[in-house]
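Just to be clear, the model below is a prediction. Sequence and coordinates:
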Amino acid sequence: MLLTLIISLVLIFICVAIHYEALYRFGSICQALKIRGRMTVAAGSIWALVAHTMQVWLFGTTYYFFAKNSPSNSIVSPTGEEFHGFMDAIYFSFITYTSLGYGDLVPEGPIRFMAGAEALVGLVFIAWTASFLYLKMEHNWREVD
């Protein structure tokens, strides 16, 4: 459990760095690519989705590692069938990050804590992205392309 806690905290710090840097550097990228006006909002949406996807894959890769190498951690179906595939771990990460949680895959063992942490990270970062895009819209929406 302690290892799961430490790795979860490390993942949270890495995700904060990814998200912060992605949003912080977005203005420089727009200047370099000469993206202006309303296109900034569209480009910002795509850029933020890339950052979110990187974070999901980071968590998903970690789930895969835990499920493969720790007998006490697994991703299972409601009927108890274990899933060990890499893409199953990525899929589980996507539904956890977005708090969608279909219920077709659930964590078992100490990685439940990591799944809860990922859901919290997803909630906070999706809100952060919404705020960021709102500010971009407010600033650029009425500008002529």
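That came through, no problem.

show me where pLDDT drops low in the protein?
Scanning the chain with the threshold set as pLDDT under 70 gives 142-145.

Okay, helices next: where are they in it?
2-33, 39-69, 86-97, 111-140 (DSSP state H).

export these to a markdown table and tack on distance to Asp104 and mean neighbour count?
The way it works is simple: take the backbone N, C-alpha and C, and place the C-beta from them, glycine included. Below are the helices of the chain laid out as a markdown table (distance: least, C-beta to C-beta, whole Å; neighbours: other C-beta atoms under 10 Å):
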| stretch | distance to Asp104 | mean neighbour count |
| --- | --- | --- |
| helix 2-33 | 23 | 14 |
| helix 39-69 | 15 | 18 |
| helix 86-97 | 8 | 20 |
| helix 111-140 | 14 | 17 |
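
can I get the ones you listed in JSON lines with distance to Ser77?
Shown next, in JSON lines, are the helices of the chain (distance: least, C-beta to C-beta, whole Å):
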{"stretch": "helix 2-33", "distance to Ser77": "21"}
{"stretch": "helix 39-69", "distance to Ser77": "13"}
{"stretch": "helix 86-97", "distance to Ser77": "10"}
{"stretch": "helix 111-140", "distance to Ser77": "15"}
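
any idea how far Met137 lies from Ala130?
According to C-beta to C-beta, to the nearest Å, Met137 stands 10 Å off from Ala130.

Could you do Phe65 as well?
31 Å.

now do Ser99
The value you get for Ser99 to Ala130, if C-beta to C-beta is used, is 14 Å.

cool, and Ile7?
28 Å.

got it, and Trp141?
15 Å.

what does Glu21 give?
Taking C-beta to C-beta, one finds Glu21 at 18 Å from Ala130.

and if you look at Val124?
11 Å.

Ok, Phe113 next?
Distance from Phe113 to Ala130, by C-beta to C-beta: 26 Å.

With Phe94 instead?
Phe94 is 18 Å from Ala130, by C-beta to C-beta.

cool, and Phe59?
Counting by C-beta to C-beta - Phe59 and Ala130 are separated by 20 Å.

Over to Thr98?
13 Å.
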